[in-house]
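Participant: pasting a predicted model and its sequence here:
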Amino acid sequence: MKSLGSIRRDFAPWNDPNAKPYIQFDKVTKKFGDFTAVNNLSLTIFEREFFALLGASGCGKSTLLRMLAGFEEPTAGRILLDGQDLRGIPPYKRPVNMMFQSYALFPHMTVEKNIAFGLKQEGMPAADIEKRVAEMLRLVKLEQFAKRKPHQLSGGQRQRVALARSVAKRPKVLLLDEPLGALDKKLREETQFELMDLQQELGLTFVVVTHDQEEAMTMADRIAIMDKGEVMQVATPAEIYEAPTSRFVAHFVGNVNMFEGKVAERAANTTRITGATGAQIVVENAADTAMGADIVFAIRPEKIRVSSKKPADAVNALEGEVYDVAYLGDMTVFHIKLDDGQMVRASAMNASRVTEDPLTWNDRAWVSFRPDAGVVLTR
Amino acid sequence: MNATWSRFNITSIVLGFAFLYLPIVLLIVFSFNESKLVTVWGGFSTKWYVSLFHNQGLMDATWVTARVGVISATVATVLGTLAAITLTRYTRFKGRVLFSGMVFAPLVMPEVITGLSLLLLFVAVGLDRGFFTVTLAHITFTMCFVAVVVQSRLVSFDRSLEEAAMDLGAPPVKTFFQITLPVIMPAIISGWMLAFTLSLDDLVIASFTSGPGATTLPMKIYSQVRLGVTPEINAACTILIAVVAVGVIIASIANKRREVQRQRDEQAAQRG
């Protein structure tokens, strides 16, 4: 049997031009009065994918989920599930189930009855329901809580009941609206991995809405970053982090330094950029930019080196002063104020216990980075 | 706690409670009076309670009141609940403000006006006044109280419960009966009790809308008092007070128990 890890590694239907899309948002627009929640959005999700919709509140991610569940109808455009147009199909006839942010457990029913509710609606025979409920309780490790009411459970247990209830019907797609939002940090981290295992075990397609980037990065095969009703980028967590295609995405996920400037000189595969104050940097991967164009070089803090002397071999080295130092244990974060006034954030792993050359407040310092350590952004 | 029972505190408590309960205590005490004179104590006796049950007029009135109360409270609860649901759920229909104002107007409408207007209506449509008209009138004026009680519960109702039910395959009607109704049932029950109580002690509207053969208990008591208060009336009122008091006590004990149970459950849940 293949390990889960290797299944995950090989799983990339979005790179396969012949792969059949499972869920398709086709130029979907949703308006509430004058407010446009989702704007002409197209998106493809594949079978068995763990897909995350990530964005700040009000970006339209929940509306997208609710349209898939059938609680809202698109103002324009189509939503296809397994080739079938979902327009006009009420929520109770859609082969998707949702796990609500508030869990929405029925307060007057026991855990058992909650899980059995959807199966009863299907008209499943009582014996089968009993078997399925027992199986679900085992899956979420709540066997001894079957007879309890929701208010007799802790937050984590309620979350599991909600999960069990939403997967009990074996839906084609499971929608999760901020599934871990109400849990504390430690429980959240544990549950993230449990959710991933569950998804693999059941072979379901998961669409999860979250505002927590770490959560999305940990769990999802692919992430869609949303802003103002539009998708800014759809990619794997690593691509989103290492190769953002816009300033918004670069800023939204993780920390980033932005060097703004004009294209000044172009060589075979390097480009020289001149900043507003005259600082020069050399970058790669800017082949499709024109001379004189305004561009941004975005680079993550951990890809910048900080040193007290100018590194001899560095292509890009800028001088400044240590403005702030934050020691976090596993790493140290430096804020360096460059001589042209720009603030640079750099982080260094504390690989050894003792640093020979500890930089501290107000020290002169050099920041250096390789030409391929960041990405060039034009929008 | 370091509460000092100053003379001022004691005086205000005694005065306050005396103000509230002295009339009731007096009524109860004199219901056990041997003498026929209401204001003269002639020794302890329960004979008025016995004669009360032989007073056909009072017993008939009690029966009428009970029937009017149950029927009007039940119908008012159904109508009031429907009104509350419409007002909380369909917030965007035209004339909603006007409609909600009209549902709640009878709350502040003087009873005399409600009674008189109903009387005029019944006369105009040629409806003979009696049991039916009293019941109709009580439905009209208690309905809005039910609507207020149920609406306040619906406002805090988590709509995602209904969405979850539909998501799991329950059509809207099934969702209403299996999820919404059970969850708001406590509010509906207290709405019913409120409507029943209001119907039970209404005198003004009943006087306007009732007719021969449909005299309610408050009307009967009031008319007898005009002929002079008898200890029999005291006894009837004492029984009424006892019934109400027992109801209130049972309700509050049940409430308290539920609360304690809930806290215990929550603590158990916290422990895992």
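Facilitator: That came through fine.
Participant: any weak-confidence spans in chain A?
Facilitator: Applying pLDDT under 70 to chain A picks out residues A:1-9, A:287, A:355-357.
Participant: contacts only, for B:Q178.
Facilitator: B:A165, B:A170 (Cβ atoms under 8 Å, 6 or more residues apart in numbering or on different chains). Backbone N, C-alpha and C define where each C-beta goes, glycine included.
Participant: how close does it get to B:D167?
Facilitator: 14 Å (Cβ to Cβ, to the nearest Å).
Participant: could you do A:W366 as well?
Facilitator: For A:W366 relative to B:D167 (Cβ to Cβ), the value is 57 Å.
Participant: looking at the two, which is more packed in?
Facilitator: A count of neighbours by other Cβ atoms under 10 Å in any protein chain shown puts B:D167 above the other of A:W366 and B:D167, at 28 against 18.
Participant: tell me the pLDDT of the more buried one.
Facilitator: Listed pLDDT for B:D167 reads 95.
Participant: same check, this time on B:Y49
Facilitator: 87.
Participant: B:A236 is in contact with that one, correct?
Facilitator: No - using Cβ atoms under 8 Å, B:Y49 is not in contact with B:A236, being 9.0 Å away.
Participant: which stretches of the stretch 151-272 of chain B have low pLDDT?
Facilitator: Those would be B:269-272, if you go by pLDDT under 70 across the stretch 151-272 of chain B.
Participant: switch the cut-off to 80
Facilitator: Across the stretch 151-272 of chain B, residues meeting the criterion (pLDDT under 80) sit at B:228-230, B:244, B:251, B:255, B:258, B:261-272.
Participant: so which bits of it are right by chain A?
Facilitator: B:158, B:160-161, B:163-171, B:174, B:179, B:182-183, B:262, B:265-266, B:268-270, B:272 (Cβ under 8 Å from any Cβ of the partner chain).
Participant: go again using 7 Å as the cut-off
Facilitator: Taking Cβ under 7 Å from any Cβ of the partner chain as the contact definition, the stretch 151-272 of chain B meets chain A at B:158, B:160-161, B:163-164, B:166-171, B:179, B:182-183, B:262, B:265-266, B:268-270, B:272.
Participant: please check those residues and keep the buried ones.
Facilitator: Among those, those classed as buried by neighbour count (16 or more other Cβ atoms under 10 Å in any protein chain shown) are B:S160, B:L161, B:E163, B:A164, B:M166, B:D167, B:L168, B:G169, B:A170, B:I179, B:V183, B:A269.
Participant: how about the residues you listed in CSV, adding secondary structure?
Facilitator: CSV is the format used below for those (DSSP: H, G, I helix; E, B strand; the rest coil):
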residue, secondary structure
B:S160, helix
B:L161, helix
B:E163, helix
B:A164, helix
B:M166, helix
B:D167, helix
B:L168, coil
B:G169, coil
B:A170, coil
B:I179, helix
B:V183, helix
B:A269, helix
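Participant: out of these, what pair is the most spread apart?
Facilitator: B:G169 and B:A269 (28.7 Å; Cβ to Cβ).
Participant: care to break chain A down by domain?
Facilitator: Chain A breaks down by automatic domain parsing into domains covering A:4-95+A:171-250, A:255-377.
Participant: hey, which of these is tucked in deepest?
Facilitator: domain A:4-95+A:171-250 (a mean of 18; mean count of other Cβ atoms under 10 Å in any protein chain shown).
Participant: just to be sure, A:N18 is in a strand?
Facilitator: No - read with three-state DSSP, A:N18 is coil and lies in no strand.
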